[in-house]
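> after the sequence you'll find the predicted model.
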Amino acid sequence: MKKISLLPVIILLGIGIFYSIQKLNIHLFEGQSSWQFLLMILGLAFLISGHLEQDATAILPGLILVGVGAHFYFYEKLPSWPDHSASFLFIISIGLILTAIKTKSGYPQGMILLAIGLFLHFFPTIMASLTIVENGVNLIETYWPLLFVLISGFLLVAKRKK
């Protein structure tokens, strides 16, 4: 007999609970009827199904759905929450790394995306710390013709003394 996947059952259960709470006006917490919370429920369905069925292929889509839902949920609530594309690279890299832990392959892809995400997250800070170099480059860019004048003056004086 063919094994039936738990994923559709868990998704239907999650969606049923989600909309039943709305229709019965049960208030558990703020934001419980948002689309972000629905995304998190769908992602949890993937993660639970993958865990119960020992299916590592459900980890990545589950974490992406939970991560994107959590990102947009907390983006509105927490002012310190990151608001740039590096957040999505973090979500995908965590999913790839956790899938790699389960399957014992695919670590480099997750680590590369994590490194790129960290670089993009801290890019403004890195560029702000390089203002000294930027100021130096601007200074050279502005005054390089005077450098030629000084060198030519030095060569002119040195040539005359010989």
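Looks like it arrived, so ask away.
> now the element after the helix or strand containing Val68, going C-ward?
Here Val68, judged by DSSP states H and E, is contained in helix 59-77. Moving toward the C-terminus from helix 59-77, the next helix or strand (DSSP H and E) is helix 86-103.
> which elements pack onto that next one?
Judged by 3 or more C-beta pairs under 8 Å, 6 or more residues apart in numbering; DSSP states H and E, the packing partners of helix 86-103 are helix 59-77, helix 107-129. C-beta: built from backbone N, CA, C; applies to glycine.
> show residues contacting the last one.
By C-beta atoms under 8 Å, 6 or more residues apart in numbering, the list of residues contacting helix 107-129 from outside reads 82, 84-87, 89-90, 92-97, 99-100.
> quick one on the thing from earlier: mind giving me the packing neighbours of the helix holding Val68?
So helix 59-77, by 3+ C-beta pairs under 8 Å, 6+ apart, packs with helix 35-52, helix 86-103.
> now do the contacts for the spatially most central residue of the chain.
Central residue of the chain (C-alpha atoms, centre = their mean): Ser87, 2.3 Å from the mean position. Remark: with contacts taken as C-beta under 8 Å, 6+ apart, Ser87 is in contact with His71, Gly117.
> with Lys102 instead?
Lys102 neighbours (C-beta under 8 Å, 6+ apart): Ala56, Ile59.
> 6 Å - rerun?
Residues counted as contacts of Lys102 (C-beta atoms under 6 Å, 6 or more residues apart in numbering) are Ala56.
> quick one: pLDDT of it?
Per-residue confidence at Lys102 stands at 84 (pLDDT).
> do the same with Val66
90.
> same check, this time on Ile151
82.
> could I get the helices and strands packed on helix 59-77 as TSV with distance to Pro124?
Converted to TSV, the helices and strands packed on helix 59-77 look like this (distance: least, C-beta to C-beta, whole Å):
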stretch	distance to Pro124
helix 35-52	26
helix 86-103	11
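> and Ile97, how far is that from Phe46?
Ile97 sits 17 Å away from Phe46, going by C-beta to C-beta, to the nearest Å.
> out of those two, which sits in the more crowded spot?
Higher neighbour count among Ile97 and Phe46: Phe46, with 23 against 19, using other C-beta atoms under 10 Å.
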